[in-house]
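1. model this:
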Amino acid sequence: ATFDVALRFLHECPWRRLELLREAIPNIPFQMLFRGANAVGYTSYPDNVVRAFVAEAHAAGVDIFRVFDSLNYTDNLLFGVDAVRSVPGAVAEGTLCYTGDITNPARSTKYTLEYYLKLADDLVGAGVHALAVKDMAGLLKPRAATQLVSALRAAHPAMPIAVHTHDTAGTGVATLLAAAAAGADICDAAVDAMSGTTSQPSMGALVASLAGTPLCTGVDPAALARLSAFWEGTRSLYAPFESDMKSSSADVYSHEMPGGQYTNLKFQAASLGLGPARWEEVKAAYGAANRALGDIVKVTPSSKVVGDLAQFMVQNGIPDEGDLVDRAGELSFPASVVEFFAGAIGQPTGGFPEPLRALVLKGAPTVEGRPGASLPPADLVGLEAELRERHGPVSQRDVLSAALYPKVFDEFKAWQLRYSPFTEALPTRAFLA
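-> Residues are numbered from 1 along each chain as shown. Okay, the predicted model is just below:
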């Protein structure tokens, strides 16, 4: 989301931000989340756009690409891995998006330990340089982390393994400690002032817990405390944009909403008239929407599909997935839901649920297989000419930004024309005012 946020909300060039960071931090590897066939967007893009983006991102300073797919769809994943591997020097970290609960067979009829091991085998066979477990919602419980990481380590003893989780339920530190003990090489954490709840687990807690053990991180707690103090002050400037979630909430195991979506969906729901008084309804509908869609992996852009359907259900007084199926023939569904059922972002594990798919599509055409394979190459040369006509001189990076986010890019250029390109230098408080 960093790319989108820079253009859409901060009105800054994401490429320039990356270059400035690389100039200031020349000797530490940079990593980005890469949505495979969806690049950094919310849809499938032509293959040449995705490949050009990876090459340009690496040239601008990205070293490690954490490649994932929002449905764990192997064809999309392997295309993303190939796009990264084709760029000399780029590191492809193949990602298993975690959902369900491998310790509870009654819950995870699809997402079993064997399922994740098979996905890891496919990624290793494709030549990834590392593996990652991406637990978007904080569903990976400590016992599950032990089982999954131990099995991955046994199957791929020489492969670096990273684990990413969220602390929504309050179990994040325990999960990372279990993963580390089971053989994970890298655990994602957030500096203390930015940690907890829907964010990542506390780095300070992780460092302190491992001190004096064979897994001691070597990180100086005093230095970490100074960083935390800085970010505590910075975070206060963004308080109006926070979710107001005051504590851990174990109901995430029911609704399974990703940590990165929680705040955005809460604001979006409020804008639709589903304010704080109805947030519990939206969360319950999120779980029902997921079940209606076939119990899918939920991370951008698939999580948007679930969120859109959940809000749609609440707005239309649809209490559960059964009622949704009963009324589907008379409803006009959100565009993201229709596109999902059409196969526009790929194929979900276990296929699409019927009869809901047929009722939603109402005879509309579908995409079979990897969506990008059937898209014609984008005319980037023609797009550059169009952009020059509208905006004057543009760079190749501008062309890629426009290919990924055409409307947002035009708005970004309009902002620069009105206020100059230098609003990026404004202090945060002044900018937000």
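2. what about Leu21, distance to Gln31?
-> According to Cβ to Cβ, to the nearest Å, Leu21 and Gln31 sit 12 Å apart. For glycine as for every other residue, the C-beta is placed from the backbone atoms N, C-alpha and C.
3. higher neighbour count, those two?
-> Gln31 (17 against 14; other Cβ atoms under 10 Å).
4. tell me the contacts of that one?
-> Applying Cβ atoms under 8 Å, 6 or more residues apart in numbering to Gln31 gives the contacts Val62, Asp63, Ile64, Phe65, Arg66, Glu93.
5. got a winner among those for most neighbours?
-> Phe65 leads the contacts of Gln31 on contacts (other Cβ under 10 Å) with 28 neighbours.
6. Now do the phi/psi pair for that one.
-> When read as degrees, to the nearest 10, the backbone of Phe65 gives phi -110, psi 110.
7. What's the per-residue pLDDT of it here?
-> On pLDDT, Phe65 comes in at 98.
8. Give me the pLDDT for Trp15.
-> At Trp15, pLDDT is 97.
9. which residues touch the host helix or strand of it?
-> Element membership of Trp15, judged by DSSP states H and E, is helix 14-24. Helix 14-24 is touched from outside by 2-3, 6-7, 30, 56-57, 60-62, 397, 401, 424, with contacts defined as Cβ under 8 Å, 6+ apart.
10. what distance separates the helix or strand just after it from the centre of its chain?
-> Once the chain leaves helix 14-24, the next helix or strand it forms, by DSSP H and E, is strand 31-34. Offset of strand 31-34 from its chain centre (Cα atoms, centre = their mean, to the nearest Å): 9 Å.
11. Next one: the closest residue to Leu265 other than its chain neighbours relative to Leu21, how far apart?
-> What sits nearest to Leu265 in space, not counting adjacent residues and going by Cβ to Cβ, 6 or more residues apart in numbering, is Gly307, at 4.8 Å. As judged by Cβ to Cβ, Gly307 and Leu21 stand 30 Å apart.
12. max-length helix in this structure?
-> helix 221-237 (DSSP state H).
13. Quick check: the gap between Gly363 and Arg357.
-> Taking Cβ to Cβ, one finds Gly363 at 11 Å from Arg357.
14. Neighbour count for those two, which is higher?
-> Arg357 (18 against 6).
15. I'd assumed Phe341 was in contact with the more buried one.
-> Yes - counting by Cβ atoms under 8 Å, Arg357 does reach Phe341; the two are 4.7 Å apart.
16. Tell me who's in contact with Tyr419.
-> Contact analysis of Tyr419 by Cβ under 8 Å, 6+ apart lists His11.
17. Strands of the protein, residue ranges please.
-> Under the criterion DSSP state E, strands of the chain are mapped to 31-34, 64-67, 91-97, 130-134, 161-164, 186-187.
18. before we move on, back to that, for the contacts of Gln31, could you give me TSV that also reports distance to Ala284?
-> Listed next are the contacts of Gln31 as TSV, based on distance: Cβ to Cβ, whole Å:
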residue	distance to Ala284
Val62	39
Asp63	42
Ile64	38
Phe65	36
Arg66	31
Glu93	35
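19. Looking at those residues, which one is closest to Ala288?
-> Arg66 (30.3 Å; Cβ to Cβ).
20. Which residue is the nearest non-sequential neighbour of the closest one?
-> According to Cβ to Cβ, 6+ apart, the nearest residue to Arg66 is Glu93 (4.6 Å).
21. list the contacts for the one you found?
-> Glu93 makes contact with Gln31, Ile64, Phe65, Arg66, Val67, Val128, His129, Ala130, Leu131, Ala132, Ala162, according to Cβ under 8 Å, 6+ apart.
22. Which single one of these is nearest to Gln347?
-> Using Cβ to Cβ, the contacts of Glu93 come closest to Gln347 at Val67, 17.5 Å.
23. I'd assumed Leu96 was in contact with that closest one.
-> No - Val67 lies out of contact with Leu96 (Cβ under 8 Å); the separation is 10.9 Å.
24. So for the two, which sits in the more crowded spot?
-> The neighbour count for Val67 versus Leu96, taken as other Cβ under 10 Å, is higher for Val67 (31 against 23).
25. Run a quick neighbour tally on Glu19.
-> Number of residues near Glu19 (other Cβ under 10 Å) recorded here: 15.
26. and Thr2, how many neighbours?
-> Neighbours of Thr2 (other Cβ under 10 Å): 13.
27. about what we covered before: off-centre distance for the helix holding Trp15?
-> That offset, for helix 14-24, works out to 21 Å (Cα atoms, centre = their mean).
28. Likewise for stretch 298-307?
-> With Cα atoms, centre = their mean as the basis, the mean position of stretch 298-307 lies at 9 Å from the chain mean.
29. who touches that stretch?
-> Residues from elsewhere that reach stretch 298-307 (Cβ under 8 Å, 6+ apart): 1, 35, 38, 41-43, 68, 70-71, 97, 99, 134, 136-137, 256-258, 260-261, 265, 268, 286, 289-290, 293, 296, 336-337, 339-340, 345, 348.
30. In ChimeraX, how would I select the buried members of those?
-> Selection command for ChimeraX covering only the buried members of these, criterion 16 or more other Cβ atoms under 10 Å:
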select :35,38,41,42,68,70,71,97,99,134,136,137,256,257,258,260,261,265,268,286,289,290,293,296,336,337,339,340,345,348
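31. Which ones among the contacts of stretch 298-307 lie within helices?
-> Gly260, Gln261, Leu265, Gln268, Tyr286, Ala289, Asn290, Ser336, Val337, Glu339, Phe340.
32. my guess is the last one meets Gly294, correct?
-> Spelled out, it's Phe340. No - if you go by Cβ under 8 Å, Phe340 and Gly294 don't touch, sitting 9.9 Å apart.
33. Alright, I will stop here.
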